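Peer 1: Next one to model:
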Amino acid sequence: MQEEDSVTRRDEVESALADAHGSLSSAEADLAGLEKDHAAAVAEREQLEQRVDLLREAVKQLEELMRSFREEADQRIATVESQRTVLESRLANAKAALEAYWILSPHARHCDGWLSWSPPSRTPITSADLSDRFNLSVASMSGIITRTLLHDRPLRDRLLGHQQEYREARGPVEKGAAIRKLQSSFAGEAGERIVQAALSPLAEKTSSSVRKDLSTGSYTKVDGTYEGLKVPLVLGRGEGMGAPEKGSFANEVKWGRAEYIWDQRDHMATQAEGHQHYDTSVTLCSRNFHDLPADRQQALRDKLREAESPLLVILPRKEELDQACIDVMMNFSVPEVDVP
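Peer 2: Modelled structure (predicted):
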């Protein structure tokens, strides 16, 4: 009996021991897994700490770089502000000198009132008013061109080029060629400036050579556009012949002899397509138009009315514009001012 009890207890002990060994093996396996996970976690922490250190160093370097950039930017801003102050002072002095030059110019008395004109408030401007505005003598046009040259360096440089070419010309043949070149190139641009000077008081915004795409896929450049009209504009009877206050209008300028005007008829109609975005438009033409035969005059008026940019024949004759340009070329001298 005792022997059986001993065997039973031994079996129980051996079974318990086996269970203990199994538990120990499982625990050891779990421990090995935990140690592996711990080692991985430690390695990951070390990597994260290294990354944090690198990021801290990068932030430090960026802060130093930003501080350096700010110091350099502050220095540059201070330099620019100093230069701007100098340039503003030079510009103010140059403007004052130009005004003094203008006051002493013999042209000033011919067009000072014309240049300072502004439209009467709330009073519509008609084609008759515009015709009066362009009732200019050669002396007046010379003055307007001279005034423009004082503030328009590209145009001034072109005139000085013609002036030098004329002065260097030898004999009447070369001098005549230089004058014809002035008439064919500079005069047209000078005429456009006169038109801009005449019409710009009517609007808040004036632009020139405004590109407009055409239905043919090509484009045209509108000579003048005027937006934000200060007063209503009434150019004639019928639809499209007027623009309201705050409205807009566009114009082309054809300042030439009769043959030139006639030859430009198709081009003028094409240019008129670029005016469609404005309340009204006109094609301003020199009075040389009246040298055309009556049938051609009517044909050209009809063509441009159909193109919705009717003719307004109010500009002085081309010969008068040419003479004004010649007078300016012969007499203009560059003011000795420090223009920045």
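
Peer 1: burial count for D213?
Peer 2: 11 (other CB atoms under 10 Å). Any C-beta I mention is one placed from the backbone N, CA and C, and that applies to glycine too.

Peer 1: And the strands in the stretch 51-200 of the chain, which stretches?
Peer 2: 125-126 (DSSP state E, counting those that start in this stretch).

Peer 1: All the helices of the stretch 51-200 of the chain, residue numbers only.
Peer 2: Assigned by DSSP state H, counting those that start in this stretch, the stretch 51-200 of the chain shows helices spanning 108-115, 127-133, 138-151, 153-168, 171-181, 187-199.

Peer 1: If you count contacts, what does the third one end up packed against?
Peer 2: Right, helix 138-151. helix 2-104, helix 108-115, helix 153-168, helix 187-199, helix 318-331 (3 or more CB pairs under 8 Å, 6 or more residues apart in numbering; DSSP states H and E).

Peer 1: do the fourth one as well
Peer 2: If you count contacts as 3+ CB pairs under 8 Å, 6+ apart, helix 153-168 packs onto helix 138-151, helix 171-181, helix 187-199, helix 318-331.

Peer 1: part of a strand, is F249?
Peer 2: Yes: the assignment for F249 by DSSP: H, G, I helix; E, B strand; the rest coil puts it in a strand.

Peer 1: what mean pLDDT does stretch 176-194 have?
Peer 2: For stretch 176-194, the mean pLDDT works out to 95.

Peer 1: And for stretch 333-340?
Peer 2: Stretch 333-340 comes out at a mean pLDDT of 59.

Peer 1: swap in stretch 242-253?
Peer 2: Computed over stretch 242-253, the average pLDDT equals 93.

Peer 1: what about that stretch, how long is it end to end?
Peer 2: 18 Å (CA to CA, to the nearest Å).

Peer 1: Which residues outside that stretch are in contact with it?
Peer 2: Residues outside stretch 242-253 that contact it (CB atoms under 8 Å, 6 or more residues apart in numbering): 122, 124, 191-192, 195, 199, 203, 210, 222-236, 268, 271-272, 274-275, 277-284, 309, 315.

Peer 1: Lowest mean pLDDT among the helices and strands, pick that one out for the protein.
Peer 2: helix 108-115 (a mean of 75; mean pLDDT, DSSP states H and E).

Peer 1: so where's the stretch 151-300 of the chain shaky on pLDDT?
Peer 2: The model of the stretch 151-300 of the chain has no residue with pLDDT under 70.

Peer 1: related to what we said a few turns ago, let me have the helices and strands packed on helix 138-151 in CSV, adding distance to K254 as columns.
Peer 2: Formatted as CSV, these follow (distance: least, CB to CB, whole Å):
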stretch, distance to K254
helix 2-104, 30
helix 108-115, 22
helix 153-168, 20
helix 187-199, 9
helix 318-331, 10
